[in-house]
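Undergrad: below are the sequence and a predicted model for it; my questions follow.
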Amino acid sequence: MKISEAKFAGSSTDVAGRPKRRLPEFAFIGRSNVGKSSLINMLCGMRKLAMTSSSPGKTRLVNHFLINQKWYIVDLPGYGYAKISKEGQRRLADIINGYLLGSEDLALLFVLIDSRHDLMRIDMDFIDRLGEIGIPFAIVFTKGDKLGPVALQRQVERDREALSEHWEELPPCFCTSSVTGMGREEILDYIAAVLDGLKDS
Ligand code: GTP
Ligand code: MG
């Protein structure tokens, strides 16, 4: 699939504040600083569509981007960012939960994992919860340019093994780099396939 148009469609903190036009949504989540906003920019081929930062906790709202006038990419705040007040953490958790529990148009959630590290407890807990609330998801290993191909494959295998201890069937997994564009076609083709499936249902 080609993204021929991507534009910012609004920021919100709750379901009531999201864009009025209802279309299928593909949302991106993961620990703070894992590379959600960078990946969105890479997929859209635009450097500054979603705001990125080298310090964690940059995205604090639910940001909708309208793609090809047909579907939304949704940039979510990161989870597990400890360096803000308890009240701030609660507010971010409320925003994330509000989105996950309230968004009827969520077609698929991409859960981003930093490919340099083992799956963390907080990621596993988050993924387990997705199963409980029945949200379809895929895994994206980010920052793939920071490892060589062999190390990247080895790390992905370790994480897939950890996931298989919790899940009989593994979700789709993608390796990406916002620097080299690795994984772009694969993710966009997968989104296209999910959108096609929605048409038939
Ligand atoms: P929050 O909004 O704070 O939760 O972070 P985020 O997950 O949106 O991360 P963001 O895209 O802002 O990226 C965080 C940092 O990682 C930035 O300094 C990016 O330049 C860097 N980064 C993101 N993706 C990649 C990647 O694929 N490769 C490399 N080398 N750096 C990356
Ligand atoms: Mg962000």
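TA: Everything's here; your move. Ligands and ions are numbered 1, 2, ... in the order given.
Undergrad: center of this structure, which residue is that?
TA: Closest residue to the average C-alpha location of the chain: Phe28 at 1.8 Å, with C-alpha atoms, centre = their mean.
Undergrad: for that one, helix, strand, or coil?
TA: Taking DSSP: H, G, I helix; E, B strand; the rest coil as the rule, one finds Phe28 in the strand state.
Undergrad: state the pLDDT value of it.
TA: Reported pLDDT at Phe28 in the predicted model: 98.
Undergrad: what does Asn33 give?
TA: In this model, Asn33 is scored at 92, pLDDT.
Undergrad: which phi and psi does Ala107 have?
TA: phi -80, psi -40 (degrees, to the nearest 10).
Undergrad: so it sits right up against Leu198, yeah?
TA: Yes - Ala107 is within contact range of Leu198, at 6.2 Å (criterion: C-beta atoms under 8 Å). For the C-beta atoms, the positions are set from N, CA and C on the backbone; glycine is no exception.
Undergrad: show me which of these two is the more surrounded one.
TA: Shown here are Ala107 and Leu198; by other C-beta atoms under 10 Å, Ala107 has more neighbours (18 against 13).
Undergrad: show me where the protein has strands.
TA: 6-12, 25-30, 62-67, 71-75, 106-114, 137-142, 173-175 (DSSP state E).
Undergrad: can you lay out these as CSV showing distance to ligand 1?
TA: Formatted as CSV, the strands of the chain follow (distance: least, C-beta to the nearest ligand atom, whole Å):
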stretch, distance to ligand 1
strand 6-12, 13
strand 25-30, 6
strand 62-67, 10
strand 71-75, 7
strand 106-114, 7
strand 137-142, 5
strand 173-175, 10
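Undergrad: for ligand 2, find the nearest of those strands.
TA: Smallest distance to ligand 2 across these (C-beta to the ion): 5.9 Å, for strand 71-75.
Undergrad: tell me if the worst-scoring helix or strand of the chain on mean pLDDT is near ligand 1.
TA: Using mean pLDDT, DSSP states H and E, helix 86-102 stands out as the lowest-scoring helix or strand of the chain, at a mean of 91. No - Helix 86-102 does not reach ligand 1 (C-beta under 6 Å from any ligand atom); its nearest approach is 9.2 Å.
Undergrad: and that helix, C-alpha only, in PDB?
TA: The C-alpha coordinates for helix 86-102 follow below in PDB (Å, rounded to 0.1, in the frame of the first residue of the first chain):
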ATOM      1  CA  LYS A  86       2.400   9.900  40.300                       C
ATOM      2  CA  GLU A  87      -0.500  12.100  39.200                       C
ATOM      3  CA  GLY A  88       1.100  12.500  35.800                       C
ATOM      4  CA  GLN A  89       1.500   8.800  35.400                       C
ATOM      5  CA  ARG A  90      -2.100   8.200  36.400                       C
ATOM      6  CA  ARG A  91      -3.300  10.700  33.900                       C
ATOM      7  CA  LEU A  92      -1.300   9.000  31.100                       C
ATOM      8  CA  ALA A  93      -2.600   5.500  32.200                       C
ATOM      9  CA  ASP A  94      -6.200   6.900  32.100                       C
ATOM     10  CA  ILE A  95      -5.600   8.300  28.600                       C
ATOM     11  CA  ILE A  96      -4.200   5.000  27.300                       C
ATOM     12  CA  ASN A  97      -6.900   2.900  29.000                       C
ATOM     13  CA  GLY A  98      -9.600   5.200  27.900                       C
ATOM     14  CA  TYR A  99      -8.500   4.800  24.300                       C
ATOM     15  CA  LEU A 100      -8.100   1.000  24.500                       C
ATOM     16  CA  LEU A 101     -11.400   0.400  26.200                       C
ATOM     17  CA  GLY A 102     -13.400   3.000  24.300                       C
END
